[in-house]
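K.L.:
Task: produce atomic coordinates for the following.
(2 chains)
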Number of protein chains: 2
Amino acid sequence: MRKLLLTIEYDGTDFHGWQLQPQGRTVQAALERAVKQTTGEDVRVVGAGRTDAGVHAAGQTAHFETESDLAPGRFVPALNHWLPRDVSALHCCEAPRDFDAQRSAGSKLYRYRILRSTFRRPLRERFALRCWHRLDAAPMARCAALLAGEHDFTSFCSVHSEAAGKTRTLLRSELVEDGDELRYHVEADGFLYNMVRIIVGTLLEVGQGKMTPDEFADVLSARDRRAAGPTAAARGLTLMQVRYREDPRSSHREGHEEERG
Amino acid sequence: MRKLLLTIEYDGTDFHGWQLQPQGRTVQAALERAVKQTTGEDVRVVGAGRTDAGVHAAGQTAHFETESDLAPGRFVPALNHWLPRDVSALHCCEAPRDFDAQRSAGSKLYRYRILRSTFRRPLRERFALRCWHRLDAAPMARCAALLAGEHDFTSFCSVHSEAAGKTRTLLRSELVEDGDELRYHVEADGFLYNMVRIIVGTLLEVGQGKMTPDEFADVLSARDRRAAGPTAAARGLTLMQVRYREDPRSSHREGHEEERG
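P.N.:
Numbers count the residues shown, from 1 in each chain, chains lettered A, B, ... in the order given. Sure, this is the predicted structure:
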């Protein structure tokens, strides 16, 4: 039995999220179906991050086990042949027997795009939240930076979370202004349910002047979901990258598109 | 009778181009219907560029005449209320009686995005051509630069063009590499039918090594459509901006989103 690691991109707009569901298209179901069509096997595809409905991915990872002896580099075009147009395998490589796409992950990097515009913007709204309120970026950036380091993120976690501990370490928490867009980049050793979207929803309160940076710091220490702002829309969020301390992709380069002649 | 100038953004994917047609959705028809729903008038909306099916716009302009006394700044939300989701009015202002969105235009700026990737890229392919061939950017950039200035562009013009003269002046013709993307920026006093897409199709031949820069120079002097490469797909092309020597938008700032309190 071999273990393979996939890197995947998808437009989350028309998916009911990553995880298998009785109803609705999911990315996991699409991948499991594509593996079945490629190798004939019924496999479980385990993703690093269970992205919600509408959330996108530029670098989701997932592992599965197979008896097939197909080379990793051949899996990518084979899976893409069967996958729907809004999901694509970008890379495939061998992984150690004890590797787990989710549990072995050292950190994940997400990006949230906010587009400041009074009017509809058809070229960008598929992958960004549009905000028609005036937003002051400077206090938002200061509050984003406050979250770096190890904290209890109970305030920024859905009440439906089943996580035992709510302490996570943010390696990066940065709001960057680029023209009419604000982009929030956040990297952590793990994320709680809706965590990035609640952080962004609270930063938007700060940007609109409804909450001061001092009050934002109080939200973090309150450890109470009710202290934070609303959950920002899924469309602005993209899982950019999953990082591993020992990355199977750096030792096994098969199947990467740069390998192609 | 007042004349108004609109600035418009649209995702061209699901439109059969700008111009009115007996069959199929067009941007012009959508705008004329929205004006009718706003003021009750049957108007002709005249666009600066008649973009083809699948071509996008970030800054198309168009004028129309109206008896309505609605302020320009009120037209934008009113039109957007009636317009479909993939087109949006961004700005509206008064224009002089003799102004014509197309004939008064000093220049238009287009951008063509090429994404170098072996595999499908769901997050970017809506607005970029994906190319799975290896592309050498340096000779493409040299050939793009050759086109700057005044030339007879017969070789880069569809045989279905009805333009009398084929000489145009390119104020900018620049291919820029940005990571895995190549972007061709071209500004001219006017464009022939399919001109940007044929230029890009020919630059792609150069990038693949099927045509040398010397041969590219010969294509320009041949004045023969058959000498150039194929017409590149519409999806990569966006009309970025229409420039006017005397821009009504700089004197009448009403309706711009920056005006909003």
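K.L.:
Not counting the least confident helix or strand in chain A by mean pLDDT itself, show me its contacts.
P.N.:
Of all helical and strand segments in chain A, the minimum by mean pLDDT, DSSP states H and E falls on helix A:248-251, at a mean of 88. Contact with helix A:248-251 is made by A:5, A:7, A:91, A:93-96, A:99, A:256, as judged by C-beta atoms under 8 Å, 6 or more residues apart in numbering or on different chains. No exception for glycine: its C-beta is placed from N, CA and C like everyone else's.
K.L.:
quick one, what contacts residue A:36?
P.N.:
By C-beta under 8 Å, 6+ apart, residue A:36 lies in contact with A:42-43.
K.L.:
Could you pull out the buried residues of the helix or strand harbouring it?
P.N.:
Residue A:36 belongs to helix A:27-39 when elements are defined using DSSP states H and E. Neighbour counts over helix A:27-39 (16 or more other C-beta atoms under 10 Å in any protein chain shown) mark A:27-32, A:34-35, A:38-39 as buried.
K.L.:
so where is the stretch 151-261 of chain A shaky, pLDDT-wise?
P.N.:
A:252-261 (pLDDT under 70).
K.L.:
Please, where are all the strands along it?
P.N.:
In the stretch 151-261 of chain A, the strands defined using DSSP state E, counting those that start in this stretch lie at A:167-178, A:181-188, A:237-244.
K.L.:
looking at the ones you listed, which is buried most?
P.N.:
strand A:237-244 (a mean of 22; mean count of other C-beta atoms under 10 Å in any protein chain shown).
K.L.:
what residues does chain A put near chain B?
P.N.:
Neighbours of chain B within chain A, by C-beta under 8 Å from any C-beta of the partner chain: A:9-11, A:56, A:58, A:76-77, A:80, A:83, A:85-90, A:117-123, A:126-127, A:238, A:257, A:260.
K.L.:
filter the residues you listed to the buried ones?
P.N.:
Using 16+ other C-beta under 10 Å, the buried members of those are A:9-11, A:56, A:58, A:76, A:80, A:83, A:86-90, A:117-123, A:126-127, A:238.
K.L.:
Among those, which are located in strands?
P.N.:
With strands taken from DSSP state E, the overlap with these comprises A:9-10, A:56, A:58, A:87-90, A:238.
K.L.:
Tell me which two in these are the farthest apart.
P.N.:
Largest separation among these by C-beta to C-beta: A:89 and A:238, giving 17.2 Å.
K.L.:
returning to what we had before: considering the contacts of helix A:248-251, which is situated nearest to residue A:203?
P.N.:
Nearest to residue A:203, judged by C-beta to C-beta, of those is residue A:7 at 29.1 Å.
K.L.:
that older thread, can you put the contacts of helix A:248-251 in CSV and add secondary structure and neighbour count?
P.N.:
Listed next are those as CSV, based on DSSP: H, G, I helix; E, B strand; the rest coil; neighbours: other C-beta atoms under 10 Å in any protein chain shown:
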residue, secondary structure, neighbour count
A:5, strand, 27
A:7, strand, 24
A:91, strand, 25
A:93, strand, 22
A:94, strand, 16
A:95, strand, 27
A:96, coil, 12
A:99, coil, 16
A:256, coil, 18
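K.L.:
Out of those residues, which one has the weakest pLDDT?
P.N.:
Lowest pLDDT of those: residue A:256, 47.
K.L.:
State the helix or strand in which residue A:62 lies.
P.N.:
strand A:56-66.
K.L.:
tell me what that strand is packed against?
P.N.:
Counting contacts by 3 or more C-beta pairs under 8 Å, 6 or more residues apart in numbering or on different chains; DSSP states H and E, strand A:56-66 packs against strand A:2-10, helix A:27-39, strand A:46-47, strand A:237-244.
K.L.:
can you map out the helices along the stretch 101-250 of chain A?
P.N.:
For the stretch 101-250 of chain A, the helices defined by DSSP state H, counting those that start in this stretch cover A:137-146, A:195-207, A:213-222, A:248-251.
K.L.:
quick one, which of these is packed in tightest?
P.N.:
helix A:195-207 (a mean of 25).
K.L.:
export it as CSV, just CAs?
P.N.:
The C-alpha trace of helix A:195-207 is given here as CSV (Å, rounded to 0.1, in the frame of the first residue of the first chain):
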residue,chain,number,x,y,z
MET,A,195,-11.6,31.5,13.0
VAL,A,196,-10.2,33.5,10.0
ARG,A,197,-13.7,34.7,9.0
ILE,A,198,-14.5,35.9,12.5
ILE,A,199,-11.2,37.7,12.8
VAL,A,200,-11.9,39.5,9.5
GLY,A,201,-15.5,40.3,10.6
THR,A,202,-14.1,41.9,13.7
LEU,A,203,-11.3,43.7,11.9
LEU,A,204,-14.1,45.2,9.6
GLU,A,205,-15.8,46.6,12.7
VAL,A,206,-12.5,48.3,13.6
GLY,A,207,-12.1,49.6,10.0
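K.L.:
by contact count, what packs against it?
P.N.:
Against helix A:195-207 (3+ C-beta pairs under 8 Å, 6+ apart) you get strand A:105-116, strand A:129-131, helix A:137-146, strand A:167-178, strand A:181-188, helix A:213-222, strand A:237-244.
K.L.:
give the contact list for residue A:77.
P.N.:
Contact analysis of residue A:77 by C-beta under 8 Å, 6+ apart lists residue B:119.
K.L.:
Can you read off the pLDDT for it?
P.N.:
97.
K.L.:
for the one 4 residues further on, same thing?
P.N.:
In this model, residue A:81 is scored at 97, pLDDT.
K.L.:
What's the separation between it and chain B?
P.N.:
Distance from residue A:81 to chain B, counting by C-beta to the nearest C-beta, to the nearest Å: 10 Å.
K.L.:
likewise residue A:200?
P.N.:
Plainly put, residue A:200 is 19 Å away from chain B if you go by C-beta to the nearest C-beta.
K.L.:
Residue A:22 too?
P.N.:
Distance of residue A:22 to chain B, given as C-beta to the nearest C-beta: 25 Å.
K.L.:
Equivalent analysis for residue A:25, please.
P.N.:
Going from residue A:25 to chain B by C-beta to the nearest C-beta gives 13 Å.
K.L.:
Chain neighbours aside, what residue packs nearest to that residue?
P.N.:
residue A:15 (5.4 Å; C-beta to C-beta, 6 or more residues apart in numbering or on different chains).
K.L.:
residues contacting the nearest residue to residue A:142 once chain neighbours are set aside?
P.N.:
Distances taken as C-beta to C-beta, 6+ apart place residue A:213 nearest to residue A:142, at 5.4 Å, with adjacent residues excluded. Residue A:213 makes contacts with A:139, A:142-143, A:146, A:206, as judged by C-beta under 8 Å, 6+ apart.
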